[in-house]
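Peer 1: Return a 3D structure for these sequence lines:
(chains A, B, C and D)
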4 protein chains.
Amino acid sequence: MTVSDVVELEGHIIDSGLMERAFTVVMDLGGEFDIEEFEVGTTKTKESYCRMRVIADDEESLNPILHELHQSGATLAAPTDATLTPAPADNVVPDGFYSTTNHPTDVRIDGEWVGVDDIEMDCAIVVDRGGDAVTAETKVLNGIEADDLVVTGDAGIRVKPPERPRDASGPFGFMQGGVSAERPSASLIRDIAEAIAETKAQGGNVLCVAGPAVIHAGGGPALARLVREGYVDAVSAGNGFAVHDMERSMYGTSLGMDVETMEHPRKGHKHHIYTISEVIRAGGIEAAVEDGLITEGVMYECVANDRDFVLAGSIRDDGPLPDTITDAVEAQNAIREQARDADLVLMLSSLLHSVAVGNCLPSTTRTVCVDINPATVTQLLDRGSAQAVGMVTDVGTFVPMLAEELLE
Amino acid sequence: MTVSDVVELEGHIIDSGLMERAFTVVMDLGGEFDIEEFEVGTTKTKESYCRMRVIADDEESLNPILHELHQSGATLAAPTDATLTPAPADNVVPDGFYSTTNHPTDVRIDGEWVGVDDIEMDCAIVVDRGGDAVTAETKVLNGIEADDLVVTGDAGIRVKPPERPRDASGPFGFMQGGVSAERPSASLIRDIAEAIAETKAQGGNVLCVAGPAVIHAGGGPALARLVREGYVDAVSAGNGFAVHDMERSMYGTSLGMDVETMEHPRKGHKHHIYTISEVIRAGGIEAAVEDGLITEGVMYECVANDRDFVLAGSIRDDGPLPDTITDAVEAQNAIREQARDADLVLMLSSLLHSVAVGNCLPSTTRTVCVDINPATVTQLLDRGSAQAVGMVTDVGTFVPMLAEELLE
Amino acid sequence: MTVSDVVELEGHIIDSGLMERAFTVVMDLGGEFDIEEFEVGTTKTKESYCRMRVIADDEESLNPILHELHQSGATLAAPTDATLTPAPADNVVPDGFYSTTNHPTDVRIDGEWVGVDDIEMDCAIVVDRGGDAVTAETKVLNGIEADDLVVTGDAGIRVKPPERPRDASGPFGFMQGGVSAERPSASLIRDIAEAIAETKAQGGNVLCVAGPAVIHAGGGPALARLVREGYVDAVSAGNGFAVHDMERSMYGTSLGMDVETMEHPRKGHKHHIYTISEVIRAGGIEAAVEDGLITEGVMYECVANDRDFVLAGSIRDDGPLPDTITDAVEAQNAIREQARDADLVLMLSSLLHSVAVGNCLPSTTRTVCVDINPATVTQLLDRGSAQAVGMVTDVGTFVPMLAEELLE
Amino acid sequence: MTVSDVVELEGHIIDSGLMERAFTVVMDLGGEFDIEEFEVGTTKTKESYCRMRVIADDEESLNPILHELHQSGATLAAPTDATLTPAPADNVVPDGFYSTTNHPTDVRIDGEWVGVDDIEMDCAIVVDRGGDAVTAETKVLNGIEADDLVVTGDAGIRVKPPERPRDASGPFGFMQGGVSAERPSASLIRDIAEAIAETKAQGGNVLCVAGPAVIHAGGGPALARLVREGYVDAVSAGNGFAVHDMERSMYGTSLGMDVETMEHPRKGHKHHIYTISEVIRAGGIEAAVEDGLITEGVMYECVANDRDFVLAGSIRDDGPLPDTITDAVEAQNAIREQARDADLVLMLSSLLHSVAVGNCLPSTTRTVCVDINPATVTQLLDRGSAQAVGMVTDVGTFVPMLAEELLE
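Peer 2: Next up is the predicted model:
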């Protein structure tokens, strides 16, 4: 005795890798398939369609196959409504809750497909029938409240993984997981500059996630210019980044070293602590800018040009600054809001913050990851973003060259 | 016109590198020196003594030289009392505050040398004259309260950098900054096991800082045994480590992959979220152990054997668990307490938490850093610990081999 | 006006990624396609078939598309004989020569498909009509002789890229380019041991490519046991590996450091030079073993058990040993012969030699790549091998654990 | 019963680390010392002097201590002539041969100190009494001929390790083993440019060791300009570098990818093989330039401007080119000659060739190491060069920025 169910796939399912993945999922998880119908898109603009019966030994084997197929864009051929189960308590999901991908997703409620708002991976979907219209949104575990109606099982859910663009995609490789070091750096920087310019030209929002290495490596002034000139709309960073940036403005040093002459490369942290202390005394970064304490740099330009910034705290911080959000849950929520607004995210030498931002991004947001460590770039790109480019380079040369491309 | 001051160095100052450093500091910072007296320890147990006049063009040039010499163990020949200045406000240091090293330090108050408690780098020294005796302790910026008496300037302060041990120091190289990959792994593991056994035999406390890679790489069961058998007294980790460890106990998987068969290596995070959700429902890790939900693993052994653990939150956490300290400042304080109790710290594949713990350690605590990334090991060792060993290896093979050495 | 041609694909072309790749090639290179026939394999054992017309603006655009489709396993629907052009001179290929992939390949001569011997990537195919039967083989550039009949163009060539195995493939991922660090090390080592045991049980040949780090990290004795016990049939290494291995036998040191006690870690190279000097005096490695100069280690076991070894020279060698082939072309030919005999290749911490061996391997040879540097593992795996596993770990712990799995 | 001997050290022995090293050597190797005289240089220009008796249990323990002290710059207080022993056979050193450091060295023959020519590490010293004057030179093992008079033991040898410069040394850190990523890239590039300009202004010779990544990353045109304008006098590279560079000139591609548009990033190696084939047909690189086949790039500028280049073969080469020296020993000799002429060596993304060149350099040659992999930079710097700077950056951005600093 076997059990089976029928799923459908539709779209550019061959060249976007969805058919390959569907077959692989079934075979890897020990199932069988029977293609009931297959229509191939005969030219590059025509879509394909596949109806496939999936067969397994028992329900216990079939369910994970269906779940994986689902997450890969297949839908049950006979759609039913999504199952809704009340959360048993605050921060607790009901048994069998549906854990989201980062792809656009719909749920079927009362026979209608409802788009899920604020899509983000590894969340629950909570349905609200209270208003005029039925709505659905993602919630992370700490956002779940008792009796929230949480989607469970895989029925009545439709996921849209990204499709390969119909035209050649330039440096923004389609679903590329790896990173080639074998590309001319200057050409790649030019392409990234074009993508940023294009995003801005379309009224889009560019979020820059920046680590302290940007400042140490001397990329601060160029990043500050990009903020001032409006190529960067928002900054996501940590306490350390902001302190190093402001230390440079207040003392001309970064971790005690003169950033121009590289003299006195002592390890002394004194300027670092002073900077925090003085900003605390002023009452925060905005106040320190207004008081004339901070007169240049990335944080200065954020305040002066009213760019949104989020500083998230961590356990290795000195201080911290009054502006740093020390609670991880609050900080994550602030990061989430920025991430949702972004159309292109530029991640510069910051593994921790880039992972945190990346966790909140839908697969439709363009991402650019720059780091000197290839493992970091690979890890950041490996999130199924449809349009992503990774570059293993030195932020200290990258940011100035990027600014030159955009501004000159 | 020049200005000058006289400093003294004493001890095994040649082979511990202090004389070399003293000469280098003076020359690098543009000063001159005149050796007024030099007595070399003629045999390996005898100490040396140097009295040196340091000359610079003006006070502005002389002061950083004296400050650096200070931090390297020189003291002013004519000691005066330390200068105490009240902190102008909460979380604000007075001008010219003395920023600590991680070496044992004394301050001179009313003609007496007083040891500074809880030495830790990049802190202020706060003196308390209120009790029966004068006391001095380090305070981080967020611990400073208005009117705290903070030590300013370099006068009246004595720093004791570590000296090279008189006997050959085995694998715990003296002040080694780098890491050699060219060492036999099994021999090095044997030496680390001996250092742990020795620390335990002397009644010492072993703190293990562990990253999630310990669990992914299959090192969980061996680490759990070390906790159970008392070779690890305390665990410092993040939310992710604890969740992966408990997922393994509850579902036999790590990030959804069966850790024995390596089957179903899907990216689904579902078990991960379930684990957190169930522990939340139980009311926390201890309750989940008591309820029989968690029956093995590192967290289980910590609860069952009453080992201290600190879980510090970060912005990339799912959940988090009720036990995770989400506020970075609170978490840092908890880490600080653990770090002060430790006699040997074993850092396993966790850059963020290891840096946080390392920041709180005096240079006298033995440290062992294990990571697959040589840059991580170098960064962690580069903190002037007197007795440190770094090993670039795979935690998935290291922890089982270490446990075998210690337990069999 | 456009030009077009018709190609066919056959086999498990969807789940092996060939259809996806075919569509992508056409689109990326600016062409159009028109699917004339498509039959999907309706169950997992049935093969699929696709006949596709490829359209481009002109011949100059069409040719590279056809060439890429070819290399991806498509064949021209109306097969013609391969074009043969005499090489104009020694070491010179004719215009338009066909550059091979590492996949099994046939060429059509006089209406018959002839298998190409010794398939290897980036070679020319030379056809020999002189014997009883027509034969075809690959030749590297320095093997080409004037008037050799070299295949040019893409007509009359058939390439068989690897297909995804019909059963779940265990740790030997199908065409995986990347490497996951998130796998339990001990389980992965167990799987690699099984693959080696399986290869040996089937009468297969295991080639081990080993770098000097195997000896430094203490993996020498375990590798020597694997050679002795017949789990390694052949060794490919450099001069340095052999010298370090024999230095260990002669002096108990590696680069002057005692490999057990790790004492005297001086950088002195004296033992290294002595080892070479003594082996030269003896007349070579075999003679040194027979003279009783070398009594244990990998090279000893190779000689004692008559295992084939190739030592290839490089510009950073000391000495070199009399056994080291100093000419790069000769050494490459020796490596090529070993590679062709191998059924499984175990690459241990040796980028240079592993690349050299990998260059000579057909895509059907199983490969295992072990290195502490993830970039090295990624680079070595990225050659389209059908069955490959990469492991980022420490050879100093890997080799002993592997030997224990296989021998105990 | 103990044995002892007396050694002397002289010069800036404290701040150059020689005293520290001397004490450490004695203690690490289980000896004792007794300082018989110590005069400290009282100001920064005055030298120090130390006479120290070294004591050990027996000759067997004392000898390695004396050997290490020697290599660290100590000399026996009662100098005797060097011991000369004939080499027993070609390529064989006599027992107890003295293995060189890379520091300037003298040997005492007939009561006179004779400078050793062509100093290089891990060599033997061969003395020639045949001419008008006694001469001494280093020989590698394969250069030794039977009956060569080889220096054995440590007596009568004087080594001069580099001393810390008396003025602050800028970015060229004194004997720095590690590499800080925490330095502003643009400032560091400016300093490297200054060092090159300074070397040229003094009539010095700049040797560039370049890997293929320079071309892939787009640094070729800038490097070609540096060759043309005379900032690079000689190039040391491999077959792959030259082929990629000339492929770019002939086809505008690198490994088949258009280096400007990054289009057609296929893995096909065809242009690569064609380039070699065409250069072979022309008769070599010089002929190919003269024939107009190669019209730009690094190799073109070398030929056009008569810069010396050495192409050393390796086992992973395609082709190779007629100009590539395929024999490792011959190639090493060619590299050695270039290295001896160099006053500054710029190592760009080439581990294998940089190690080979570095092996031949005396410690007095300035070296600059640039690589994206910090482990490579650390390994290359760790050779006791007196004036070395390492930079972890992207050659694709580094070379153009360096050329801009030097040429504009």
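Peer 1: ok, how many other residues are close to the residue in the stretch 101-250 of chain A that chain B sits nearest to?
Peer 2: Taking C-beta to the nearest C-beta, chain B has its nearest neighbour within the stretch 101-250 of chain A at A:D122, 4.3 Å off. The C-beta positions use only the backbone N, C-alpha and C, and glycine is treated the same way. Neighbours of A:D122 under the rule other C-beta atoms under 10 Å in any protein chain shown: 19.
Peer 1: Now it: closest residue in space that isn't a chain neighbour?
Peer 2: Distances taken as C-beta to C-beta, 6 or more residues apart in numbering or on different chains place B:H269 nearest to A:D122, at 4.3 Å, with adjacent residues excluded.
Peer 1: Test my guess that that neighbour contacts A:F97.
Peer 2: No. If you go by C-beta atoms under 8 Å, B:H269 and A:F97 don't touch, sitting 11.5 Å apart.
Peer 1: Specify which residue of these two has the higher count of neighbours.
Peer 2: More crowded of B:H269 and A:F97, by other C-beta under 10 Å: A:F97, with 24 against 17.
Peer 1: who are the neighbours in contact with the more buried one?
Peer 2: Applying C-beta atoms under 8 Å, 6 or more residues apart in numbering or on different chains to A:F97 gives the contacts A:T85, A:A124, A:V150, A:V151, A:T152, B:I273.
Peer 1: Each with direction, which strands does the helix or strand where A:V209 lies pair with?
Peer 2: Assigned by DSSP states H and E, A:V209 falls within strand A:206-210. According to DSSP bridges, strand A:206-210 forms sheet pairs with strand A:234-238 (parallel), strand A:344-348 (parallel).
Peer 1: Mind listing residues that contact the first one?
Peer 2: The reference is to strand A:234-238. Contacts for strand A:234-238 (C-beta under 8 Å, 6+ apart): A:205-212, A:227, A:298, A:302, A:307-314, A:317, A:324, A:335, A:338-339, A:341-342, A:350, A:352-353, A:357.
Peer 1: taking the residues you listed one by one, which sit in strands?
Peer 2: A:V206, A:L207, A:C208, A:V209, A:A210, A:D308, A:F309, A:V310, A:L311, A:A312 (DSSP state E).
Peer 1: Dig out what the third one forms beta bridges with.
Peer 2: With DSSP bridges as the criterion, A:C208 is bridged to A:V235, A:L346.
Peer 1: Next: the last one.
Peer 2: Beta-bridge partners recorded for A:A312 (DSSP bridges): A:G238, A:I325.
Peer 1: nearest residue to the residue nearest to the spatial centre of chain A other than its sequence neighbours?
Peer 2: Centroid check for chain A by C-alpha atoms, centre = their mean gives A:G358 as the closest residue, at 2.7 Å. In this structure, A:G358 finds its nearest non-sequential neighbour in A:R383, 5.5 Å apart by C-beta to C-beta, 6+ apart.
Peer 1: hang on, the earlier thing: got the confidence number for the residue nearest to the centre of chain A?
Peer 2: Here the pLDDT value assigned to A:G358 is 94.
Peer 1: Show the contacting residues for the nearest residue to A:C360 once chain neighbours are set aside.
Peer 2: For A:C360, ignoring the flanking residues on the chain, the nearest one in space by C-beta to C-beta, 6+ apart is A:A339 at 3.9 Å. Contacts for A:A339 (C-beta under 8 Å, 6+ apart) come out as A:L207, A:S236, A:V345, A:V357, A:C360, A:L361, A:T365.
Peer 1: Please look at the third one and A:T365 and confirm they touch.
Peer 2: If I follow you right, that is A:V345. Yes. Here A:V345 reaches A:T365: they are 6.1 Å apart, a contact under C-beta under 8 Å.
Peer 1: Neighbour count: those two, which is higher?
Peer 2: Legend: neighbour count by other C-beta under 10 Å for A:V345 and A:T365, higher for A:V345 (27 against 24).
Peer 1: how much space between the more buried one and chain D?
Peer 2: Relative to chain D, A:V345 is positioned 21 Å away (C-beta to the nearest C-beta, to the nearest Å).
Peer 1: do A:R336 as well
Peer 2: For A:R336, the distance to chain D - C-beta to the nearest C-beta - is 31 Å.
Peer 1: just A:A356 next, same as before
Peer 2: A:A356 is 22 Å from chain D, by C-beta to the nearest C-beta.
Peer 1: residues in contact with the closest residue to that residue other than its chain neighbours?
Peer 2: Excluding the flanking residues, the one nearest A:A356 by C-beta to C-beta, 6+ apart is B:I315, at 4.0 Å. Contact analysis of B:I315 by C-beta under 8 Å, 6+ apart lists A:A312, A:S314, A:A328, A:A331, A:Q332, A:I335, A:L352, A:H353, A:A356.
Peer 1: Could you find the closest non-adjacent residue to the fifth one?
Peer 2: Translated: A:Q332. Nearest one to A:Q332, counting by C-beta to C-beta, 6+ apart, is B:I315 at 5.2 Å.
Peer 1: where does the stretch 101-250 of chain A have low pLDDT?
Peer 2: A:166-182 (pLDDT under 70).
Peer 1: And the helices in it?
Peer 2: Counting by DSSP state H, counting those that start in this stretch, the segments of the stretch 101-250 of chain A that form helices are A:185-201, A:213-216, A:220-228, A:239-251.
Peer 1: Same list, these, but as a markdown table with mean neighbour count and distance to B:E198 please.
Peer 2: Shown next, in a markdown table, are those (neighbours: other C-beta atoms under 10 Å in any protein chain shown; distance: least, C-beta to C-beta, whole Å):
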| stretch | mean neighbour count | distance to B:E198 |
| --- | --- | --- |
| helix A:185-201 | 19 | 50 |
| helix A:213-216 | 26 | 38 |
| helix A:220-228 | 22 | 47 |
| helix A:239-251 | 25 | 36 |
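Peer 1: Those: which one's closest to chain C?
Peer 2: By C-beta to the nearest C-beta (comparing all of the helices of the stretch 101-250 of chain A), the closest turns out to be helix A:185-201, at 15.6 Å.
Peer 1: is that closest one up against chain D anywhere?
Peer 2: Yes. Legend: contact between helix A:185-201 and chain D by C-beta under 8 Å from any C-beta of the partner chain is shown at A:S185, A:A186, A:S187, A:L188, A:I189, A:D191.
Peer 1: Include distance to A:G284 when you put the residues you listed into JSON lines, please.
Peer 2: Formatted as JSON lines, the residues of helix A:185-201 next to chain D follow (distance: C-beta to C-beta, whole Å):
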{"residue": "A:S185", "distance to A:G284": "38"}
{"residue": "A:A186", "distance to A:G284": "40"}
{"residue": "A:S187", "distance to A:G284": "42"}
{"residue": "A:L188", "distance to A:G284": "38"}
{"residue": "A:I189", "distance to A:G284": "35"}
{"residue": "A:D191", "distance to A:G284": "38"}
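Peer 1: and which of the residues you listed is nearest B:H103?
Peer 2: A:S185 (43.0 Å; C-beta to C-beta).
Peer 1: The nearest residue to the closest one once chain neighbours are set aside: how many residues sit nearby?
Peer 2: Residue nearest to A:S185 in three dimensions, not counting chain neighbours: D:G396, with 2.8 Å by C-beta to C-beta, 6+ apart. Residues within reach of D:G396, counting by other C-beta under 10 Å, total 32.
Peer 1: Surely D:G396 is in contact with D:P221?
Peer 2: No. Counting by C-beta under 8 Å, D:P221 is not a contact partner of D:G396; they are 11.2 Å apart.
Peer 1: domain assignment for chain A?
Peer 2: What automatic domain parsing lists as the domains of chain A is A:1-78, A:79-165, A:178-407.
Peer 1: Indicate whether the shortest one makes contact with chain B.
Peer 2: Meaning domain A:1-78. Yes. Contact of domain A:1-78 with chain B (C-beta under 8 Å from any C-beta) involves A:D28, A:L29, A:P64, A:H67, A:E68, A:Q71.
Peer 1: got the angle for the strand holding A:V209 vs strand A:308-312?
Peer 2: 30 degrees (axes from the mean of the first three to the mean of the last three C-alpha atoms, to 10 degrees).
Peer 1: So what touches strand A:206-210?
Peer 2: Strand A:206-210 is contacted by residues A:196, A:199-200, A:223, A:226-227, A:231-237, A:241, A:298, A:338-339, A:341-350, A:353-354, A:357 when judged by C-beta under 8 Å, 6+ apart.
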